[in-house]
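Student: everything below, folded, please.
(one chain, ligands or ions: 3)
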Amino acid sequence: MSAELWTAVDDYFDRALVPSDPALDAALEASAEAGLPRIGVAPNQGKMLQLLARLQGARRILEVGTLGGYSTIWLARALPPGGRLITLEVDPKHAEVARANVARAGLADVVDLRLGPALETLPKLATEGGGPFDMIFIDADKPNNREYFGWAIELARPGTLIVVDNVVRYGQVVDPDDTDPDTQGVHRLNELIASEPRVSAMAMQTVGRKGHDGFVMALVNDDV
Ligand code: SAH
Ligand code: DHB
Ligand code: MG
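Tutor: Numbering: from 1, shown residues only. Ligands and ions are numbered 1, 2, ... in the order given. Okay, the predicted model is just below:
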C-alpha cells in the first residue's frame, strides 16, 4: 500500500461523495495564501466530523485548534438555527485568517473564536458556564492533549462526543523508542482515558492524503 494510492482513493471518494464547495475551497486557498501550514483535516474527515455532529444532534460544539477554520466550517454547518460553535486558537494570524474564512462561509454569527492559549481559554469557558457542549473536537498542540481532554470532560454532559485528531502519527504511537513530545502526548492522553470511568473510547486509524493517522473517539457515559 502506498501513500499515492491512499491519496487517489481519497480523491475518488471526495469526487463521489464530498462535493467541493466554494466557501471551503476559498478557506483553503486563503489559508495557503496567508502561509498557514496545510495541516487541517482532509475533506472527507471534515465531512466525517460534520456527520458526527449531526448524529449527535449537536447544538453547541467546542473546537480546540482553529488554524484557518476549515474544520470549523465543516462542523458549524452541522448546527441547527441558533446553534453555536466556540473555537480556540493561540495564533493571532491563524485567528485572523479563520475569522475571514468563517465570515465568507456566512457563519460569522455562529462561530465564536477565542484567541489565546487553550489552557487559559478553557478554564475561562468553564468559569463563565460555557458548557455543556454536545461535541468537542481537540486538534491543537498535541503535548497538551491530556489537559484538553480533562477540560473537555468538565465541559461535557452525558452523551457528549469527544474527538481527538492525530493519534496515530504514521504509527509512531507504537514505537517504544519514540521520544517525540507529540507522540508522548498521545500516550498521556490514553493513560487518562483508560483511568477515566466517565468516558468510553476507541481509536480509528485512517489513511489518505494526510498519510497514516487516526482519531480517538470518546463518548461521555450516561451513568456519571
Ligand atoms: N482544526 C484545524 C487544524 C488545527 S491545526 C483544521 O482541521 O482545519 C492546530 C492549531 O492549533 C494551529 O492553528 C495552532 O496555532 C493551534 N494551537 C497550537 N497551540 C495552541 C494552544 N496552546 N492553544 C490554542 N491553539 C493552539
Ligand atoms: C499535522 C497534522 C494535523 O492534523 C495537526 O493537527 C497538526 C499537525 C501535521 O501533519 O504535521
Ligand atoms: Mg489535526
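Student: residue of this protein closest to ligand 2, please.
Tutor: residue 39 (3.7 Å; CB to the nearest ligand atom). For every residue, glycine as well, the C-beta is placed using N, CA and C.
Student: how many neighbours does residue 94 have?
Tutor: Number of residues near residue 94 (other CB atoms under 10 Å) recorded here: 21.
Student: the helix or strand harbouring it close to ligand 2?
Tutor: Taking DSSP states H and E as the definition, one finds residue 94 inside helix 92-104. No. Counting by CB under 6 Å from any ligand atom, ligand 2 is not contacted by helix 92-104; separation bottoms out at 11.8 Å.
Student: pull up the residues of the protein that are close to ligand 3.
Tutor: Residues of the chain lying near ligand 3 by CB under 5 Å from the ion: 139, 165, 166.
Student: could I get those residues as CSV with distance to residue 62 and neighbour count?
Tutor: Output for the residues of the chain next to ligand 3, formatted as CSV (distance: CB to CB, whole Å; neighbours: other CB atoms under 10 Å):
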residue, distance to residue 62, neighbour count
139, 11, 23
165, 14, 25
166, 17, 23
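Student: out of those residues, which are close to ligand 2?
Tutor: 139, 165, 166.
Student: ok and the residue in this structure nearest ligand 1?
Tutor: Using CB to the nearest ligand atom, the single residue of the chain nearest to ligand 1 is residue 40, 2.8 Å away.
Student: my read: that residue touches residue 71, true?
Tutor: Yes. The pair formed by residue 40 and residue 71 meets the contact definition of CB atoms under 8 Å, at 6.0 Å.
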